[in-house]
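> Fold the following for me, if possible:
(chains A and B)
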Amino acid sequence: MNVPTPMWKCDKVIPSELDAGHASIEELMSALEAAGWEGRDVFHIQMAIEEAVVNAIEHGNKKNPAKEVHVVFLVNHDSAEMTVTDQGDGFDHENVADPTEEDRLDQPRGRGVLLIRELMSQAQYNSKGNSVWMRKVRSKDEPDAS
Amino acid sequence: MATYRRINVMDNGGVHVVHFVDKKIVDSGTIESLGDELTGLVLNEKKNMLLLNFDSVEFMSSAALNKLISLNKKVKDAAGQLKLCCLRPEIGEVFKITRLDRVFDIRKDEATGLAAFKL
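Residues are numbered from 1 along each chain as shown, chains lettered A, B, ... in the order given. All right, here's what the predicted structure looks like:
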């Protein structure tokens, strides 16, 4: 089966520093804009990739300068895929406490996994929990009201 | 009087309306400064009737949400009131997904936000 070549691809390893993470996210945002993505879809992708990259740096690699984060971004006209992998111990993504439970609502952390699952069309963690793959399918254009 | 870099604050009849300088509240330095300035309003300047106006904010990460949660606790501890207004639909959606719309009093616009304060 032939896999179509993405309009834009970024495959690189970044240090465990938030500035480097945000620089890579900005590259992705620029590529999405160049591919004609806009509005709510772009917001959703930015929110999800922000969670994934910051979690990889802060919680996965614990900002250890000896560890790196591998990001792969594929942008097409109709869909975008992002994979973020850290060198940490991973986490049990299937048993994360539900941050929307009444007694957890005012806890300051733990919303990343929820936001990624809700905002992306598909999201999947590897078994170790140190890599997340996300896919966003572009929303159909609103029908012309005229 | 304190000088702020991340926010603008205006007194409107006893309610302090806070506008954000940054369109995108993302990087950790900005979020930390913002958190410090908002906390300073409550703890240092004793301004605990706060209406946060998000009309200029296009994006905010969950780290910024965490600062709001922390601020909400401090305002409650000070027997004050915290309300939010003018959230763009995408940011409002994040509050709904996380159910933080049950934690915060969110109003459509500044006028209804101001009217909701019990002074």
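> pLDDT below threshold where in the chain?
You didn't say which chain, so I picked chain A. Applying pLDDT under 70 to chain A picks out residues A:1-4, A:141-146.
> You answered for a different chain; I wanted chain B.
Counting by pLDDT under 70, chain B shows low-confidence ranges at B:1.
> Give me every residue in it lying close to chain A.
B:26-28, B:59, B:61-63, B:65-66, B:69-70, B:72-73, B:89-90, B:94, B:97-100, B:102-103 (CB under 8 Å from any CB of the partner chain). Quick note: C-beta positions are derived from backbone N, CA and C, even for glycine.
> show me where the chain has strands.
No chain was given, so I picked chain A. A:8-15, A:68-75, A:79-85, A:122-125, A:131-137 (DSSP state E).
> you looked at the wrong chain, it should be chain B
B:7-12, B:15-20, B:24-25, B:49-53, B:59-60, B:81-85, B:105-107.
> can you put the strands of chain A in JSON lines and add mean neighbour count?
Below are these laid out as JSON lines (neighbours: other CB atoms under 10 Å in any protein chain shown):
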{"stretch": "strand A:8-15", "mean neighbour count": "14"}
{"stretch": "strand A:68-75", "mean neighbour count": "20"}
{"stretch": "strand A:79-85", "mean neighbour count": "22"}
{"stretch": "strand A:122-125", "mean neighbour count": "16"}
{"stretch": "strand A:131-137", "mean neighbour count": "20"}
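> would you list those in TSV and tack on distance to chain B?
Below are the strands of chain A laid out as TSV (distance: least, CB to the nearest CB, whole Å):
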stretch	distance to chain B
strand A:8-15	15
strand A:68-75	15
strand A:79-85	15
strand A:122-125	14
strand A:131-137	14
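> that older thread, just the residues of chain B next to chain A: which are in helices?
Secondary structure from DSSP state H places B:28, B:62-63, B:65-66, B:69-70, B:72-73, B:89-90, B:94, B:97 of these in helices.
> Spatially central residue in chain A, please.
residue A:49 (2.7 Å; CA atoms, centre = their mean).
> Now the buried members of the ones in helices among the residues of chain B next to chain A.
For these, a burial check counting by 16 or more other CB atoms under 10 Å in any protein chain shown picks out B:62, B:63, B:65, B:66, B:69, B:72, B:90, B:94, B:97.
> For these, which two are the farthest from each other?
Using CB to CB, those reach their maximum pairwise distance at B:72 and B:90, which is 21.0 Å.
> Identify the residues contacting the spatially most central residue of chain B.
Centroid-nearest residue in chain B, with CA atoms, centre = their mean: residue B:52, separated by 3.5 Å. Contact analysis of residue B:52 by CB atoms under 8 Å, 6 or more residues apart in numbering or on different chains lists B:18, B:20, B:68, B:82, B:83, B:84, B:85.
> For it, give its distance to chain A.
Per CB to the nearest CB, to the nearest Å, residue B:52 is found 17 Å from chain A.
> Distance of that residue relative to residue A:60?
Distance, residue B:52 to residue A:60, by CB to CB, to the nearest Å: 31 Å.
> Could you do residue A:30 as well?
25 Å.
> what about the two, which has more around it?
Counted by other CB atoms under 10 Å in any protein chain shown, residue A:30 and residue A:60 do not tie: residue A:60 has more neighbours, with 27 against 12.
> That one: what's it in contact with?
Counting by CB under 8 Å, 6+ apart, residue A:60 has contacts A:67, A:69, A:86, A:87, A:88, A:90, A:130.
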